[in-house]
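[1] Structure for this input, please:
(chains A and B)
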2 protein chains.
Amino acid sequence: MAVVGASRNPRKVGHIILRNILEYGFRGRVYPVNPHASTILGLRAYPSLTSLPETVDVAVVAVPAEKVPRVVQDAGEAGIPFLVIVSSGFREVGRHDLEEEVLRIARKYGVRIIGPNVAGIVYTPARLNATFGPRDVIPGSIAFISQSGAFAIALMGATINEGMGVSAIVSVGNKVDIDDVDLLEYFETDSNTSVVLMYVEGLRDGRRFLRVASKVSLRKPVIIIKAGRTEAGAKAAASHTGSLAGSFDVYRAAFRQSGVLLATSMEEAFDAAKAFAWNPLPRGDRVLVITNGGGAGIQAVDTLVERRIRVEEPPTELQDRMKSFLPNFASTRNPIDLTGMAHADWFYRAIKEAMRHPWVDAIVVLYTQTGLSGPVETAKAILDAIREEGHAKPVTVGLLGGPECIRAARLLTKERVAAYPTPERAANAMSFLVEYVRLRDYVKERLSELQYA
Amino acid sequence: MAVVGASRNPRKVGHIILRNILEYGFRGRVYPVNPHASTILGLRAYPSLTSLPETVDVAVVAVPAEKVPRVVQDAGEAGIPFLVIVSSGFREVGRHDLEEEVLRIARKYGVRIIGPNVAGIVYTPARLNATFGPRDVIPGSIAFISQSGAFAIALMGATINEGMGVSAIVSVGNKVDIDDVDLLEYFETDSNTSVVLMYVEGLRDGRRFLRVASKVSLRKPVIIIKAGRTEAGAKAAASHTGSLAGSFDVYRAAFRQSGVLLATSMEEAFDAAKAFAWNPLPRGDRVLVITNGGGAGIQAVDTLVERRIRVEEPPTELQDRMKSFLPNFASTRNPIDLTGMAHADWFYRAIKEAMRHPWVDAIVVLYTQTGLSGPVETAKAILDAIREEGHAKPVTVGLLGGPECIRAARLLTKERVAAYPTPERAANAMSFLVEYVRLRDYVKERLSELQYA
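    So this is what the prediction gives:
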């Protein structure tokens, strides 16, 4: 690949992108392009895309906007099929003319473009971090598509804070050519991606989006943060990316029909993405809540029901199994309340029973910090139970308490168990999994009806 | 004060409570009560409450349930006015008889009781931590009343994680005598408390609660996490504390009429409490959003409007002041979009303008991590602007990005500026302040109408 606008100046975007590519360990060859330097970061620099020793697969472009048309021209002449144009200064500042020129040249040569006005691109299976964001993105299976470049960069950082692994991070910026829907379609068949998270302000072609999203949702979950849900928010979106946000009620209904999951906050979207990435899907919608704290259990049940997940009493037989090791005042009616007397071992046994019993489709485990069972000790017991049962059902864990709970959550995160600092967030994340399976089955049914109609 | 059931065994609740009292630095004299020890933790132990060298103000009781009636009897004879009964094993395990006996003896002597089945009591102005929870609670002005002891203990830990200062933490347990409403009434006039946070499963006397809450809400914000909002949640509450949760719709309407703020999650309640504790109240409901990231700005606006806060365009004059130092493509229509080009100094200037302009009642500041203005540097600029203007208006800050954003948020937290890891949480916390002022004015009006009717 090539980086046009690569620079020796460590404050320049072109420098940071090249450095990230090299330091993150990209597996292919990299060519800096800069007519004013002979070497950059130890690599030989070339004056233009037409002077490279081979035809690269993709060039990242970080030169001032006025110089971009010329770079596209060079790319076309050199036969380079893809450009990621990081440069800003186009439509978003009123320079529609410059953007149209770029598109015209690209069309002439058949060059495909991401951008302009994007943050670059991350694809961890190729060890590629060609962005000016943080370097040490964690490899994983979440693909993130963002309309906003700044948002993408900030979220890269947030994934690191959360210990979340990503397969790809792409912002679409002004979408002169490749847009969010193209990328969504790409991730449908990308075997390195198990869940797609999108930040969307406005969609260019709503119908096309819904068609593609319905298709992708059948294979993997698609979570959308739709910004501009309110009139004031839509106005703000219009001045940000010129997006026409449209009526949110229409979006909401359409998303649902396409099996797309809607998140109203970043936190919620992240929480859900983590739960999807690290869990099998539930087979049905029967969630069992296991807790050592009554309050946490009630909050989780309320959250589940408020998200339209039923919480039902498990069969007597399963309750009896739980009762065999619990004190007689413990409730086993969902939540399974291990009570404040619970030792780590009770969590272990309860989770194992739940994993084995066919009635249970998904498990929300809640720990309220007590002296009888420390957070880290409890986390280990939870982990053992999940592992020994081959992580056969999805589990989210809420750990409520002090600094040791943060350590315990980190331990679980490292082992790819989705852990959260409150019972509500653990329950809410699980509700996305159940909702996904429900919507997917609904979309499947609808599609087969259409087929045989 | 006295600790009945103080123990030399470091795993016993009576030991932990005594140790917390001593190590947290309680200012008064402390007497361990235990007939089987001569000294505990370096203090002389006494065989019973009747053998103490002086009449203590309060005794914390942590002995097995069957021994509690005798302790109450001793307290009565010794003239001790208050007991905090930590012991469990009463109504919550079916021993109504034991609980009634305790109450009967207490009534006879006029002894007032918190509990049984509570986590103890924290009151930081007296440097009192008489709980078996974490020791290093941060002093501050948030009072926390919890129906569940376990929840209280876990939340003590969570306040430490969040850097939140508390004035008091009290759980009410089985509420044999003093209940949540009594405590709420107490905190009305407690000058060390500026905001009251309650975790409630069920209320014994709804009318009384509403009467008291209306009165307290006129003086300071009352935030309630009401558990058992759904049928399944209410069932769980019934098996947890035997609470009859009642219809949530009725609660919701009644809370609103009393000026009480409703939180549906712990995170939301904490976020709001922090914003109240560290900010002046807004004078009106005009919120200005200042951001360097378009996406974060839109998400914040959506969140505010979804919480029924209007987001309006500021007067031209204020927009012009902002425009004087912003690039011409920056929007100043709310959000004030400083754009991705923003340096820390732009935050500083924008916040100062907003603090000074009479149109602005409250400010939500959003930072999306960029290379141009680092998180810590930006946090310092935000802090300077707030301080120089005497923190005259409420401010919440959302910092979106990587590990450095966590450091920046810690810096702000240390300086008592309410900081959050996402734009939505910063906006949501601010919505509670605006909502409070609105409800308070509504309650005031209604009361004066009643008065002059």
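[2] From now on I want contacts and neighbour counts done on CA atoms only, so please keep to that.
    Noted.
[3] Which residues of the stretch 201-350 of chain A lie near chain B?
    Counting by C-alpha under 8 Å from any C-alpha of the partner chain, the residues of the stretch 201-350 of chain A close to chain B are A:227-230, A:232-234, A:236-237, A:239-240, A:265-267, A:293-299, A:301-302, A:305-306, A:311-312, A:329, A:331, A:334-335, A:340.
[4] again, 7 Å this time
    Within reach of chain B by C-alpha under 7 Å from any C-alpha of the partner chain, the stretch 201-350 of chain A has these residues: A:227-230, A:232-233, A:236-237, A:239-240, A:265, A:293-295, A:298-299, A:301-302, A:305, A:311, A:329, A:331, A:335.
[5] So which of the residues you listed are in helices?
    Here DSSP state H is the test, and those give A:232-233, A:236-237, A:239-240, A:294-295, A:298-299, A:301-302, A:305 as lying in helices.
[6] Now rank those by neighbours and give me the top one.
    Comparing those on neighbour count, residue A:301 comes out first with 36 neighbours (neighbours: other C-alpha atoms under 10 Å in any protein chain shown).
[7] How about that residue, nearest residue that isn't a chain neighbour?
    Beyond its immediate neighbours in the sequence, the residue positioned closest to residue A:301 (C-alpha to C-alpha, 6 or more residues apart in numbering or on different chains) is residue B:233, lying 5.3 Å away.
[8] Same question for residue A:267.
    Looking at residue A:267 with C-alpha to C-alpha, 6+ apart, the closest residue is residue B:422, at 7.2 Å.
[9] who's in contact with residue A:301?
    By C-alpha atoms under 7 Å, 6 or more residues apart in numbering or on different chains, residue A:301 lies in contact with A:311, B:232, B:233.
[10] who touches the nearest residue to residue A:402 once chain neighbours are set aside in this structure?
    Leaving aside its chain neighbours, residue A:402 sits nearest to residue B:157 (3.4 Å; criterion: C-alpha to C-alpha, 6+ apart). By C-alpha under 7 Å, 6+ apart, residue B:157 lies in contact with A:401, A:402, A:403, B:134.
[11] tell me the phi and psi of the first one?
    Phi and psi for residue A:401, reported as degrees, to the nearest 10, are phi 160, psi -150.
[12] Where does the residue lying closest to it once chain neighbours are set aside fall, secondary structure wise?
    Here the nearest residue to residue A:401 in space, its sequence neighbours aside, is residue B:154; by C-alpha to C-alpha, 6+ apart that works out to 4.1 Å. Per DSSP states H and E, residue B:154 falls inside helix B:149-162.
[13] Please apply the same query to residue A:251.
    Secondary-structure element containing residue A:251, defined by DSSP H and E: helix A:248-257.
[14] per-residue pLDDT, residue A:452?
    As predicted, residue A:452 sits at a pLDDT of 68.
[15] pLDDT below threshold where in chain A?
    Low-confidence segments of chain A, defined by pLDDT under 70, are located at A:240-246, A:451-453.
[16] so where's the longest strand in it?
    The single longest strand within chain A, with elements called by DSSP state E, is strand A:138-146.
[17] For that strand, name the packing helices and strands.
    On a contact count with 3 or more C-alpha pairs under 7 Å, 6 or more residues apart in numbering or on different chains; DSSP states H and E, strand A:138-146 meets strand A:165-171, strand A:195-200, helix A:266-277.
[18] Walk me through which strands the one helix or strand residue A:399 maps to pairs with, and which way each runs.
    With the criterion set as DSSP H and E, the secondary-structure element containing residue A:399 is strand A:395-400. The sheet places strand A:395-400 alongside strand A:362-368 (parallel), strand A:418-420 (parallel), with pairing taken from DSSP bridges.
[19] Next, see if the helix or strand just after the longest one gets close to chain B.
    The reference is to strand A:362-368. Along the chain past strand A:362-368, the next helix or strand (assigned with DSSP H and E) turns out to be helix A:375-388. No - Helix A:375-388 lies out of reach of chain B by C-alpha under 7 Å from any C-alpha, never closer than 10.9 Å.
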